[in-house]
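S.K.: what would the 3D arrangement of this be:
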Amino acid sequence: MTNAETALAELAELRKQCPDMSIIHSSADRWWAFRPAERGRRSQASIDVDADTPEQLRARIVAAL
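M.R.: Residues are numbered from 1 along each chain as shown. Predicted coordinates:
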């Protein structure tokens, strides 16, 4: 599997695991996750995290929730 294919697979898995988040893998090989604040959510705060790897991003999302 190429690096691009691996990144796409990781991106799909993160989006599946975190459906409320907008997740992006940039051309600079950085991972980003965003969720705007919304009324009615258990956590009303917005989330904006970034990481070097999908594993780090996953951990930062969990920590932010």
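S.K.: give me the pLDDT for the closest residue to T53 other than its chain neighbours.
M.R.: In this structure, T53 finds its nearest non-sequential neighbour in W31, 6.8 Å apart by Cβ to Cβ, 6 or more residues apart in numbering. C-beta here means a position set from N, CA and C on the backbone, and glycine is covered the same way. Looking at W31, its pLDDT is 96.
S.K.: how about W31, phi and psi?
M.R.: Torsion angles at W31 (phi, psi; degrees, to the nearest 10) stand at phi -110, psi 130.
S.K.: need the residue closest to the centroid of this structure.
M.R.: Central residue of the chain (Cα atoms, centre = their mean): A33, 3.6 Å from the mean position.
S.K.: what secondary structure does that one sit in?
M.R.: strand (DSSP: H, G, I helix; E, B strand; the rest coil).
S.K.: same deal with V49?
M.R.: Per three-state DSSP, V49 ends up strand.
S.K.: tell me, how many residues neighbour the residue lying closest to it once chain neighbours are set aside?
M.R.: Nearest residue to V49, sequence neighbours excluded (Cβ to Cβ, 6+ apart): R60, at 4.2 Å. R60 sits with 16 neighbouring residues when counted by other Cβ atoms under 10 Å.
S.K.: S22 now?
M.R.: Quick note: S22 (other Cβ under 10 Å) scores 13 neighbours.
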